[in-house]
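Enquirer: no sequence for this one, just the structure:
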């Protein structure tokens, strides 16, 4: 069983930056394909970015050039650096993982964290 714990959410003004972190435990970190997803009340959850064990990344078009996903195997931690934030980036951000060779923002992952709230004001 994979446990995921997110941190780093908060409130910022448009144009600002935040970095989300996700600490993973319970499985060999290097074998996990991981990603960030977000959800706004009343809307479907959407994939933001994913990264596999070979550090291949996949981004939603809406965040390309602004967000960067990365992973630190020594710390067993996933990150999401978010720059040039927009009000439409507001939502609950979830860390997710699967035991898989690769995954995309459209993939369904098996393990989920509790989420961290990101609020961007105009």
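Expert: Cool, the structure landed. Being a predicted model, the structure only gives us computed values, none of them experimental. Numbers count the residues shown, from 1 in each chain.

Enquirer: just confirm residue 30 is within a strand.
Expert: No - secondary structure assignment (DSSP: H, G, I helix; E, B strand; the rest coil) places residue 30 in helix, not in a strand.

Enquirer: so who does it touch?
Expert: Residue 30 makes contact with 53, 73, according to C-beta atoms under 8 Å, 6 or more residues apart in numbering. Using the backbone N, CA and C atoms, a C-beta is placed for each residue, glycine as well.

Enquirer: what score does it have for pLDDT?
Expert: Per-residue confidence for residue 30 comes out at a pLDDT of 92.

Enquirer: can you give me the strands for the protein?
Expert: 3-7, 10-13, 18-25, 32-39, 46-51, 57-59, 67-72, 77-82, 91-99, 111-112, 116-121 (DSSP state E).

Enquirer: how about CSV for those, with distance to residue 105 and mean neighbour count added?
Expert: As requested, those are exported to CSV (distance: least, C-beta to C-beta, whole Å; neighbours: other C-beta atoms under 10 Å):
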stretch, distance to residue 105, mean neighbour count
strand 3-7, 17, 17
strand 10-13, 23, 13
strand 18-25, 15, 18
strand 32-39, 7, 24
strand 46-51, 3, 22
strand 57-59, 5, 19
strand 67-72, 10, 18
strand 77-82, 12, 22
strand 91-99, 11, 22
strand 111-112, 15, 16
strand 116-121, 17, 17
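
Enquirer: quick one: low-confidence parts of the chain?
Expert: Along the chain, segments meeting pLDDT under 70 are nowhere present.

Enquirer: quick check, central residue of it?
Expert: residue 36 (2.1 Å; C-alpha atoms, centre = their mean).

Enquirer: am I right that it is in contact with residue 97?
Expert: No - Residue 36 lies out of contact with residue 97 (C-beta atoms under 8 Å); the separation is 10.7 Å.

Enquirer: quick check: neighbours shared by these two?
Expert: The contact lists of residue 36 and residue 97 share residue 78, where a contact means C-beta under 8 Å, 6+ apart.
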